[in-house]
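[1] Need coordinates for the below:
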Amino acid sequence: MINMEKINDAVQLFEDGYMCSQAVFAVFAPDFGISKEDALKIGACFGSGMRKAEVCGACTGALMALGLKYGDSKAESNEACEKFLDEFEEENGSYICRDLLGCDISTEEGVKYALDNNLFNEFCPKMVESATKLAEKLL
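    Numbering: from 1, shown residues only. Have a look, this model is predicted:
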């Protein structure tokens, strides 16, 4: 059963100004003995595709949470990672930030495009929601 509270909390954290990676990771971390505050610190450098428009930060946050559950087994963590990324890509078309956004936010031009098209406010929360929902399903 999907926990809508976690999804809503993650989207709210993102809307409150936290990075996508922080928002997703922070809603799961307390389930594994990591405080929300520490999770926000841990996830701080993974947003915006690690600031290079690579793997979506929402995905990275979800993968960190999956690592907390499955990280004791390389085989299980690999399986959880692949399943998550495959499902995210199937649902959203990609798990690469620049592909999802249609611009490269590691550049000034890309950031301007994202801002001009309101992507951080309209599109990114959907990615946070998707990543949280898929992670919740695998956890």
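[2] Name the nearest residue to the most far-flung residue of the chain relative to its centre, sequence neighbours excluded.
    Distance from the centre of the chain peaks at Glu109, with 23.1 Å (C-alpha atoms, centre = their mean). Leaving aside its chain neighbours, Glu109 sits nearest to Cys103 (7.6 Å; criterion: C-beta to C-beta, 6 or more residues apart in numbering). No exception for glycine: its C-beta is placed from N, CA and C like everyone else's.
[3] and what of Arg98?
    Ala53 (3.9 Å).
[4] all helices of the protein, in order?
    Ranges of helices within the chain are 4-15, 20-28, 36-42, 47-48, 57-70, 74-92, 97-101, 108-116, 119-122, 124-138, based on DSSP state H.
[5] mind giving me TSV with those and columns for mean pLDDT?
    As requested, the helices of the chain are exported to TSV (pLDDT from 0 to 100):
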stretch	mean pLDDT
helix 4-15	97
helix 20-28	98
helix 36-42	98
helix 47-48	94
helix 57-70	98
helix 74-92	98
helix 97-101	97
helix 108-116	97
helix 119-122	97
helix 124-138	98
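[6] residues near the nearest residue to Leu119 once chain neighbours are set aside, how many?
    Distances taken as C-beta to C-beta, 6+ apart put Leu101 closest to Leu119, at 5.4 Å, once the chain neighbours are dropped. Under the neighbour criterion other C-beta atoms under 10 Å, Leu101 is assigned a count of 23.
[7] give me every residue that touches Leu101.
    Leu101 is in contact with Ala53, Gly110, Ala114, Leu119, Phe123, Cys124, counting by C-beta atoms under 8 Å, 6 or more residues apart in numbering.
[8] if I look at Pro30, how far off is Arg51?
    Distance of Pro30 to Arg51, given as C-beta to C-beta, to the nearest Å: 26 Å.
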